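K.L.:
missing the sequence, but the structure's below:
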C-alpha cells in the first residue's frame, strides 16, 4: 500500500477519534484502532515513511499518537 494512502487512512482514523471530548482517550483509541486493525506490514510502512520523510501531513492527533504511542504500535523487527 502506498505511503500516501496510509497517511490518509491514519488521518481519517484520527479525525474520527478526535471528536471525543477526552483528548487523552482519543489518542489511546486512535492508537488502539491502528494496533488492532492495521496489519504489522502497514504499521511498519507507516513508521518507515515517517522516519524517512518526517511528520508533515499528519493531523495533530496522529502527531500525538506517533510521539506517545509509537513503541506500542511498532511491530517487531523483521530479520
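P.N.:
Thanks, I have it. This is a predicted model, so every value here is computed, not measured.

K.L.:
how far away is the closest residue to residue 55 other than its chain neighbours from residue 11?
P.N.:
Closest residue to residue 55 apart from its sequence neighbours, by CB to CB, 6 or more residues apart in numbering: residue 63 at 5.7 Å. All C-beta atoms are positioned from the backbone trio N, CA, C, and that covers glycine. Going from residue 63 to residue 11 by CB to CB, to the nearest Å gives 10 Å.

K.L.:
more neighbours, the two?
P.N.:
A count of neighbours by other CB atoms under 10 Å puts residue 11 above the other of residue 63 and residue 11, at 17 against 14.

K.L.:
now that one. Nearest residue, chain neighbours left out?
P.N.:
residue 59 (4.7 Å).

K.L.:
check contacts around that neighbour.
P.N.:
11, 14, 15, 18 (CB atoms under 8 Å, 6 or more residues apart in numbering).

K.L.:
quick check: which element contains residue 20?
P.N.:
Using DSSP states H and E, residue 20 sits in no helix or strand.
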